[in-house]
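Okay, predicted coordinates and the sequence, questions at the end:
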Amino acid sequence: MSINSKKNRNKKINDKKNRAKEKEKKFSLKSGKLISTADGQVVKYLYLTKIEHVDTWVNGGDIPIALASTYLSDTRSGIMTPDENLIHESPIPIPSLKNIGIRIENVRSLTMTNCRGNGMKIPNMKNAHYYKQDGLILSFCNSFNNEVAYKLDKKACVKVNDIKALCGVIDKQLGRKGVMRSCQYTHSHKRNHFLKHVDDSWQDEFRLFWLIKENKSVTLPSGVCEFVSEF
């Protein structure tokens, strides 16, 4: 095989791999999966409580950003959930230790080895966490879905054209870099700002989080979003 033929063959293989990678990034709206444009901008969807709020998100203006505790509730209903604010990382549910006379609250990096309570052996724990932590959140959806909008009792939807750019705009105004990622859902007791119970999985949530402990407002530039639908 000639050198040129080998180069052409390798080029075709690489082109094929690149096309496959691009295909992985692009998901259809119908599939309900993450949508990424050809230039790498990550698209998200925001469901709004009032149709009047569309103008601010599309044309620019001030928006409030609320603390996660705003959405804390004893029961799950719409945007309300008992999962907010809780950081719980341990091999067993730490509150369950109360059943053997051990009460642990607001603890970080807890390590317990060869411990017993009321005569019962306690599973070893290393760097376990169980504490409350508040912060600012903005919640979006990875997909456009009418059923989600109805369950959230929302009246309109806008598409965020580039969630990374939006986060950057807000970071500058808050003076702090936010964290953004899709929420994950679990059957276990573990929780954090991006890990919720599986009962909330229908929300398909993508979240921005800032470790700031008071409500804030920021100013959006025009063109951040496009209007999608009224419900």
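Received the coordinates, thanks.

hang on, residue 181 is in a strand, isn't it?
Yes: if the criterion is DSSP: H, G, I helix; E, B strand; the rest coil, then residue 181 is within a strand.

Of all residues in this structure, which one is nearest the centre?
residue 207 (3.0 Å; Cα atoms, centre = their mean).

So what touches stretch 56-63?
46, 48, 55, 158, 217-227 (Cβ atoms under 8 Å, 6 or more residues apart in numbering). All C-beta atoms are positioned from the backbone trio N, CA, C, and that covers glycine.

whoops, I mixed them up, stretch 217-228
With Cβ under 8 Å, 6+ apart as the criterion, stretch 217-228 contacts 45-46, 54, 56-65, 144, 156-161, 165-166, 169-170, 173-174.

Name the helix or strand for residue 172, please.
helix 163-174 (DSSP states H and E).

what's the distance between that helix and the middle of its chain?
15 Å (Cα atoms, centre = their mean, to the nearest Å).

send the alpha carbons of stretch 182-202 over as CSV?
C-alpha atoms of stretch 182-202 as CSV (Å, rounded to 0.1, in the frame of the first residue of the first chain):
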residue,chain,number,x,y,z
SER,A,182,-27.7,17.5,35.2
CYS,A,183,-29.3,16.1,38.3
GLN,A,184,-29.0,12.4,39.0
TYR,A,185,-31.7,10.3,40.7
THR,A,186,-31.3,7.5,43.2
HIS,A,187,-33.3,4.9,45.2
SER,A,188,-30.7,5.3,48.0
HIS,A,189,-30.5,7.7,51.0
LYS,A,190,-27.6,9.6,49.5
ARG,A,191,-28.2,13.3,48.6
ASN,A,192,-26.5,16.4,47.4
HIS,A,193,-27.4,19.5,45.3
PHE,A,194,-27.4,17.4,42.2
LEU,A,195,-28.5,14.0,43.6
LYS,A,196,-32.2,13.6,44.3
HIS,A,197,-34.6,10.8,44.9
VAL,A,198,-35.8,8.8,41.9
ASP,A,199,-39.4,10.0,42.5
ASP,A,200,-38.2,13.4,41.1
SER,A,201,-36.7,11.9,38.0
TRP,A,202,-39.6,13.0,35.8
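
Could you list the buried residues of that stretch?
By 16 or more other Cβ atoms under 10 Å, the buried positions in stretch 182-202 come out as 183, 185, 189, 190, 191, 192, 193, 194, 195, 196, 197, 200.

If anything else comes up later, I'll come back, but that's it for now.
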